[in-house]
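K.L.:
could you look at this predicted model? Sequence included:
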Amino acid sequence: MRAFIFIFICSLFMSGCGAAESDTHSHASLVIDAHERCHMCGMMVKQYPGPKGSLHLKGGELQPKFCSTRDMFMFALQPENRRQVETLWVHDMAATDWQYPDDEHFIDATKAWYVYGSNRKAVMGVAVAPFSTLTAAEEFARQYGGAVFKYDEITLELLSAD
């Protein structure tokens, strides 16, 4: 019985260690290097204002970074790329500066609210501004214009309408 309890307790500790390691790895992969180039257009990611994006592709170490959330969506929504995308991350613009978004404020893109069509511009023109809460997105839209969308409502057709 003691052996069973010992093995059970050890397995709990080991599973906790693995989760912490995975979280650390995920956060480290979200850091955008000062010399990192946009996977979509090749521009220097950190040299421009507005929200940035990052994604992780299935089955690989490749974690493309993007100079704008618009570029990230234009890449991720392509039919040939869509099934390869495992996770997407965007800056929470309610928690970080528009001119210099902070890598500490990335959120899961699938859970974010977005404002599209505002007068706040990003590097690639019209911004797809992400927020962790509906309230923050609505406030941004009131202040800068644009419409509020859920993740599933961001489409290639919407982004190509300009």
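P.N.:
Here it is on my side, so go on. Numbering: from 1, shown residues only.
K.L.:
residue ranges with poor pLDDT in the protein?
P.N.:
For the chain, the stretches with pLDDT under 70 are 1-29, 162.
K.L.:
what about the strands in it?
P.N.:
Secondary structure of the chain by DSSP state E: the strands cover 53-57, 65-66, 85-91, 106-108, 113-122, 125-131, 147-150.
K.L.:
which one of the ones you listed lies closest to residue 139?
P.N.:
strand 125-131 (8.6 Å; CB to CB). No exception for glycine: its C-beta is placed from N, CA and C like everyone else's.
K.L.:
tell me the buried residues in stretch 51-68?
P.N.:
For stretch 51-68, burial by neighbour count (16 or more other CB atoms under 10 Å) applies to 51, 52, 53, 54, 55, 56, 63, 64, 65, 66, 67, 68.
K.L.:
now swap in stretch 92-111 and tell me
P.N.:
Quick answer for stretch 92-111 (16+ other CB under 10 Å): 92, 93, 94, 96, 98, 101, 103, 105, 106, 107, 109.
K.L.:
correct me, but residue 64 touches residue 54?
P.N.:
Yes. In this structure, residue 64 is within contact of residue 54 by CB atoms under 8 Å, at 7.1 Å.
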